[in-house]
Every structure is written in structure tokens, then in C-alpha cells.
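Undergrad: got a sequence here, can you build the structure:
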Amino acid sequence: MTIAKFHITRAGPLVSFQDLGRNGHMRFGVSRSGPMDISSFKKANEQLGNDQNNTGIEISIGGLELKCVEGSASLCVMGGEFNLTLDGNQIAIGEVFEMKTNQTLNIRADKSGSWCYLAFAGSLITDKWLGSSATHLLSGFGGGVLKSGQELVVKDAKIVDASHQIGVKIGDVFGGYIRVTLGPQDHYFTDEAKRLLLNQEFKVSTAYDRMGMRLLGPKLDINSSLSIPSEPLMKGSIQVSGDGVPTILLADHQTTGGYPKIATVISSDLDMLAQLRPNQTLRFKAISPEIAVRIARVKKIELT
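TA: Alright, predicted model coming up:
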């Protein structure tokens, strides 16, 4: 078995091990977790010829620096526009490159995007919980959060012929609109609140992590009491608290809640949404559930 070892010299906050997440446990109060930008995570693995679910590292705008201390392996980074250097030499997002003993890879936030994904040609040795290495950040269950001084071990490490890497499209270009379907509790809101949601600009607040994204903008008034039964939640739900402030639920969202949901971000736009940074603005555009399904089917074909 070929081994490659890496030493973490610097890890920013919210840097964690992830795979595609754990399914089938929400009824027990366990969210799926997994990558914030699923498409970029899959593409990083595909570039190396890995299974799409191969464990990788999710990196926040805090960045990551690691040094290869034994062996060598091919790596690839996909996601937002981050700055990548290997021993000071520039590496492009989506490029397959070899990292050898004593070389240092530095990943830093650059022009745009909140997350990127580091994949290894081989298998990262990590802890698993309920069959998945996906890290639930609040509990720490799964592979866990990376820390400075930590050692990474990749078994079955290999070098990939970079000339055979597939073509890469770097993410979806954010056009200023995030598509939503109204509901499931839009009837709890005033007509003015629904008008504001779809016609006014919102800003991503600094209250943004793997659980959710709190927005700044017009108050969305509720036209009845908040005494609705607690019910299952899903990624992309836009729930509104008693103060009229909307929050979009993301990868580590709670599994149940009693706040009404005015709308739901379609799955095809969640990756693009997750790449927004605090203080960046967005608008919502309503589409029908039927159109949302068609969009999801097209994207599924594009990713297979």
C-alpha cells in the first residue's frame, strides 16, 4: 500500500473533512451534512478519477496550508476563486498536479467564493460516523475539523496523468438572482412580505456558517401567530423568525423547526448560493415547482 503523508501548517476556521454526507438519518435528528458546494466537491474527485463520494477537505475563506512530509500524490482543488500556490508557483483551480515530499501547498481566498475543495488521488484516512466522514461542524461528528499541526494520511496514493483530466467549468456564474419556489408556508405571510421577498435586494450577513445564512433586508411580516407545529426541515428552506428576518438553511441545518418557511431555494441554485460571501447582495426569483423539477433533471444529466 502506497502512503502519502501531509502536515497541516495552517488551517483557517470551518475547514473540515467531507464526503457527500449521510442519508436516511434525519428522522433521528441527524442532518446529512456534506459539502456546501456539492458540484465543486464532485468535480474535484472526478478530475482525479476518484469516486464522487471520496473523502476530501472543504476549505473556507480562512484558507489552508499543508506540507507533504512523505511520499507523493496527485491533488486537485475546485470551488470558488481561491489562490493556489505550490512552493510559490501558481496552480489553477481545476488543475491536476503532483505534490511531492517537502513541497508546500498554500490555499487562500481570492476574488470570490466562500468554499473550495481539496481532493487527493487515494483515500484519506479519517474517522467516520454512521458510515460517513462528513463533518457536522456543531457536534464535530464525522471526520472532524482540521487543525494546525495535524497530520493527514492518504493510503493508496497515486499519480494521475494530468493530460487525461476532464474539461472543467468553474462553477455557475452568479447573475444576481437565486431561484425559489414559494412555500410551504407562504400563506402565513402578508402579501407585502411576499412582494418584498421577490422584488427587493437582500444582503448576506456575517451570521453565515454551515448551518445557515442569515440575510439583511426588508422585514418579512407574518400575518398570524408563530404557533405552528414543529416539522421537518430541508436544505434551502427560507425560514423567517418572529422579527421578520429570513435565514436560509444550509448543509448542517437542524432537522426540525417551528418557524414558517416563506420559500425554498431550488437545489440547482444551492451551490451558487453557498459561494456568496458576507455583504454580497442577492435577489430572489420565484418559479413553479414543475420548472424547478425540470431544471434539477437537466443539472443531474450535466453532472453525470
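
Undergrad: who's in contact with residue 41?
TA: 18, 20, 34, 35, 52, 56, 58, 78, 79, 117, 119 (CB atoms under 8 Å, 6 or more residues apart in numbering). C-betas here are computed from N, CA, C, even on glycine.

Undergrad: from residue 45, how far out is the residue nearest to the second one when sequence neighbours are not counted?
TA: Same thing as residue 20. Once flanking residues are discounted, residue 20 sits nearest to residue 53: 4.7 Å by CB to CB, 6 or more residues apart in numbering. Plainly put, residue 53 is 8 Å away from residue 45 if you go by CB to CB, to the nearest Å.

Undergrad: who has more neighbours out of these two?
TA: A count of neighbours by other CB atoms under 10 Å puts residue 45 above the other of residue 53 and residue 45, at 23 against 16.

Undergrad: excluding chain neighbours, what is closest to the residue of the chain most remote from its centre?
TA: Distance from the C-alpha centroid of the chain, by CA atoms, centre = their mean, peaks at residue 224 (34.0 Å). Spatial nearest neighbour of residue 224, excluding adjacent residues (CB to CB, 6+ apart): residue 188 at 5.6 Å.

Undergrad: could you report the neighbour count for the one you found?
TA: Neighbours around residue 188, by other CB under 10 Å: 19.

Undergrad: next one: residue 182
TA: With other CB under 10 Å as criterion, residue 182 counts 21.

Undergrad: tell me who's in contact with it.
TA: Counting by CB under 8 Å, 6+ apart, residue 182 has contacts 194, 262, 263, 286.

Undergrad: cool, residue 57 as well?
TA: 15, 16, 17, 18, 64, 117, 118, 124, 146.

Undergrad: direction included, what does the one helix or strand it maps to pair up with?
TA: In the assignment (DSSP states H and E), residue 57 maps to strand 56-59. Here strand 56-59 is paired, per DSSP bridges, with strand 16-18 (antiparallel), strand 104-120 (antiparallel).

Undergrad: any idea which of these is most buried?
TA: Most buried of the strands paired with strand 56-59, by mean neighbour count (mean count of other CB atoms under 10 Å): strand 16-18, with a mean of 24.

Undergrad: looking at it, residue 234 is touching residue 249, isn't it?
TA: Yes - the criterion here is CB atoms under 8 Å, and residue 234 meets it with residue 249 at 7.2 Å.

Undergrad: isn't residue 125 right up against residue 151?
TA: No - Residue 125 is not in contact with residue 151 according to CB under 8 Å; the separation is 9.9 Å.

Undergrad: give me the neighbour count for residue 206.
TA: 10.

Undergrad: now it: how far from residue 214?
TA: 8 Å.

Undergrad: ok, which stretches of the chain are helices?
TA: 38-47, 191-199, 267-274, 289-302 (DSSP state H).

Undergrad: does residue 231 touch residue 255 like I think?
TA: No - between residue 231 and residue 255 there is no contact under CB under 8 Å: 10.0 Å.
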